[in-house]
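Chemist: A structural model of the following input is requested.
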Amino acid sequence: MFHSLPLIAFNSVILTALALNWTQFSEKLLGTEFYNEAMATQNWKTWTLRDCARYIQVPSVDDHKYSRGVLGIISGSKQYPGASVLNCEGAMRTGIGMVRYFGPRFAQLLVLHQRPEVVIANGKTNAWLIGSGIDSQKLSWKRKREIMGALGQGKPTVLDAGALRLVQYSKGVTLITPHYAELATLLSARNISVTATAIEGDPKKWAAIASAELGVTVLLKGNVSVVASSGKQIQLPASPTWLATAGTGDVLAGIIGALLATHWREIEDNKDLIASIAATGAFIHSRAGEIASAGGPITALDIAREVPKIISKLVS
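Modeler: Sure, this is the predicted structure:
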């Protein structure tokens with residue numbers, strides 16, 4: 001025989017269910033579905049020079065340009081052709097076998113003028129850097145097909161700037177490199193309401209939320225950059241404030257792209273390695289900026305030119 005619940009008990013059940021649904025909704029809205037306060041202090045490692053040294057590969061006597069790693073770069077546009085130059089400069093000075101550049105004709109000419117060893121031709125790549133200087137909403141059909149083809153190869157990939165919104169199409173181990181405003185836009189598009197100011201106020205929290213939500217490793221750029229993945233949380237030392245200038249992020253992306261290409265085999269066996277590589281790239285970039293600055297203003301190319309000195313120190 002069916003016995004109905006008393007009205008008060010029934011109302012209590014309904015109100016409890018509504019409260020639980022609101023809690024779940026608000027947690028999704030605020031990102032706390034993926035984050036709790038314990039994560040604020042749990043396993044956040046400060047990256048050091050000694051840590052970086054483990055992720056620099058010194059060429060052996062048997063190495064050649066292909067075995068040392070080949071990075072494919074899709075970047076630059078009519079509006080921002082210089083991003084391509086800075087990507088390639090950062091990558092080549094980090095130590096890599098080859099860079100293949102794919103971009104507009106004018107950007108190709110700028111790249112070859114600065115770095116004639118860059119290859120402007122299809123061929124084998126071990127990793128990809130995509131997005132610097134690109135507006136993903138203004139892509140030609142040909143370029144969109146080029147980017148989607150690269151994302152579908154399943155190779156280690158750095159997504160920067162204009163390619164951040166394409167993160168869901170990347171089939172390989174993926175690192176994204178947003179600043180605060182870019183991450184706010186990325187999360188808001190996924191119904192996680194947050195502002196750039198809020199992210200700046202708690203970068204560790206929001207990097208962890210983004211990593212969990214997107215299923216990728218996140219290098220959240222700032223004066224104190226942080227790296228979050230499913231298995232690692234890393235904090236970088238503070239960078240010189242002079243690094244806050246146009247193009248420095250493009251150099252950083254090139255540095256990290258080169259490190260991915262030189263470690264592609266290890267990344268296939270251990271996906272969490274990409275977090276350590278991202279932190280190493282950010283550390284090298286910051287210390288190169290410190291040397292270039294010497295306490296004064298710098299440009300993005302100034303940073304790239306100091307990268308070999310940092311690499312030399314790491315392997316000595």
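
Chemist: could you check how far the residue nearest to Trp242 when sequence neighbours are not counted is from Thr299?
Modeler: Spatial nearest neighbour of Trp242, chain neighbours left out: Ser293 (4.5 Å); criterion: Cβ to Cβ, 6 or more residues apart in numbering. (C-beta placed from N, C-alpha, C; glycine too.) From Ser293 across to Thr299, the span is 10 Å (Cβ to Cβ, to the nearest Å).

Chemist: and the closest residue to Leu129 other than its chain neighbours, what's its pLDDT?
Modeler: In this structure, Leu129 finds its nearest non-sequential neighbour in Gly257, 3.5 Å apart by Cβ to Cβ, 6+ apart. The model reports Gly257 with a pLDDT of 99.

Chemist: next helix or strand past the helix or strand where Glu182 lies?
Modeler: Assigned by DSSP states H and E, Glu182 falls within helix 180-188. Elements were assigned by DSSP H and E; along the chain past helix 180-188, the next helix or strand is helix 196-201.

Chemist: who touches Gly90 in this structure?
Modeler: Asp250, Val251, Leu252, Ala253, Gly254, Ile255, Gly257, Ala258, His285, Ile303, Ala304, Val307 (Cβ atoms under 8 Å, 6 or more residues apart in numbering).

Chemist: can you rerun that using 7 Å?
Modeler: When contacts are counted by Cβ atoms under 7 Å, 6 or more residues apart in numbering, Gly90 touches Val251, Leu252, Ala253, Gly254, Ile255, Ala304, Val307.

Chemist: next, the buried residues of stretch 235-248.
Modeler: Gln235, Leu236, Ser239, Pro240, Trp242, Leu243, Gly247, Thr248 (16 or more other Cβ atoms under 10 Å).

Chemist: where does pLDDT dip in this structure?
Modeler: The model of the chain has pLDDT under 70 over residues 1-42.

Chemist: can you give me the strands for it?
Modeler: Secondary structure of the chain (DSSP state E): strands located at 44-46, 70-74, 98-102, 127-130, 157-159, 174-176, 217-220, 226-228, 233-235.

Chemist: would you tell me which of those gets closest to Arg165?
Modeler: Judged by Cβ to Cβ, the one of the strands of the chain that comes nearest to Arg165 is strand 157-159, at 9.0 Å.

Chemist: tell me the strands beside the closest one, with direction?
Modeler: strand 127-130 (parallel), strand 174-176 (parallel) (DSSP bridges).

Chemist: closest one to Asn43 among these?
Modeler: Comparing those by Cβ to Cβ, strand 174-176 comes nearest, at 18.5 Å.

Chemist: convert the helix holding Glu182 to PDB, retaining C-alpha atoms only.
Modeler: Extracted in PDB, the C-alpha atoms of helix 180-188 (Å, rounded to 0.1, in the frame of the first residue of the first chain):
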ATOM      1  CA  TYR A 180      45.000  36.600 -16.900                       C
ATOM      2  CA  ALA A 181      42.600  38.200 -19.400                       C
ATOM      3  CA  GLU A 182      42.900  35.400 -21.900                       C
ATOM      4  CA  LEU A 183      42.200  32.800 -19.200                       C
ATOM      5  CA  ALA A 184      39.100  34.700 -18.000                       C
ATOM      6  CA  THR A 185      37.800  34.700 -21.600                       C
ATOM      7  CA  LEU A 186      38.500  31.000 -22.000                       C
ATOM      8  CA  LEU A 187      36.800  30.000 -18.800                       C
ATOM      9  CA  SER A 188      33.800  32.400 -19.300                       C
END
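
Chemist: and the helices in the chain?
Modeler: Remark: helices assigned in the chain by DSSP state H are 7-30, 49-53, 82-92, 105-114, 141-151, 180-188, 196-201, 203-214, 248-262, 264-269, 273-293, 300-315.

Chemist: those: which one's closest to Tyr169?
Modeler: Using Cβ to Cβ, the nearest of the helices of the chain to Tyr169 is helix 141-151, at 4.7 Å.

Chemist: hmm, who's touching that closest one?
Modeler: Under Cβ under 7 Å, 6+ apart, the answer for helix 141-151 is Gly72, Ile74, Phe102, Trp128, Ile130, Thr157, Ala163, Leu166, Tyr169, Ser170, Lys171.

Chemist: quick one: the spatially closest residue to the last one that is not a sequence neighbour from Met148, how far?
Modeler: Read it as Lys171. Leaving aside its sequence neighbours, Lys171 sits nearest to Gly154 (Cβ to Cβ, 6+ apart; 4.3 Å). Between Gly154 and Met148 the computed distance is 13 Å (Cβ to Cβ).

Chemist: over to Gln233?
Modeler: 31 Å.

Chemist: with neighbour numbers in mind, choose between these two.
Modeler: More neighbours surround Gln233 than the other of Gln233 and Met148, with 21 against 13 (other Cβ atoms under 10 Å).
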